[in-house]
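predicted model and sequence follow; I will ask about them next.
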Amino acid sequence: MHPPVETIFEPLFVVGLFLGLWGGLSLAIAALGGWRRIASSYCASSEPVGRRYFMQQCNVGFIRYGNYTTIHTSPEGIHVAVLFVYRPGHRPLFIPWDAIRHAKVVRGFGIVRVQFEIGSPRIASMKLPRKIFEGYESLIGLEPPERDSTS
């Protein structure tokens, strides 16, 4: 005897519903925080090059992307991408150094980050870990980090 059709399609419905909700939520987050606005002007068109920082925290607007972004820095700019499962609505970004405006160091909860605006006129704001900018401070108007004189 064959199982009823309902028992075959029920798991498929649940999986489809989950994937649809996940994708819809991801698209909404991208729109609310500003990722989609940034991607409309600064979408990455090539594979990232340069120094790689895996599993970094990133803020776009008021949306906090936990430790699931990968960031590459190069003499040309910053490449930012979220992990594959969070990709709906989040195309990889490439932000040239000259698109970064009003960069400043911010501290909170023992974490040092750089907050900046993207584009002129402003498209969105972003916060990334301070270490991402090592060696590129002069390109965005930051002072190099102070070195410990005891080392």
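That came through, no problem.

can we go C-alpha only for contacts and neighbour counts from here?
Will do.

which residues sit against stretch 37-47?
The contact list for stretch 37-47 (C-alpha atoms under 8 Å, 6 or more residues apart in numbering) reads 31, 79, 90-95, 118, 123-124.

which single one of those is nearest to L19?
Ranked by distance to L19 (C-alpha to C-alpha), the contacts of stretch 37-47 are led by H90 at 15.8 Å.

tell me the contacts of the closest one?
H90 touches 26-27, 30, 35-36, 39, 81-82, counting by C-alpha under 8 Å, 6+ apart.

7 Å instead, please
Contacts for H90 (C-alpha atoms under 7 Å, 6 or more residues apart in numbering) come out as 30, 35-36.

before we move on, back to that, of the contacts of stretch 37-47, select the buried ones using a PyMOL command.
Selection of buried members from those for PyMOL, criterion 16 or more other C-alpha atoms under 10 Å:
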select buried, resi 79+90+91+92+93+94+95+118+123+124
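
min pLDDT across the contacts of stretch 37-47, which one?
Comparing pLDDT over the contacts of stretch 37-47, the lowest score belongs to A31 (82).

which SS class is that residue?
helix (DSSP: H, G, I helix; E, B strand; the rest coil).

give me the element the nearest residue in space to it that is not next to it in sequence is part of.
Residue nearest to A31 in three dimensions, not counting chain neighbours: R37, with 7.3 Å by C-alpha to C-alpha, 6 or more residues apart in numbering. Using DSSP states H and E, R37 sits in helix 35-42.
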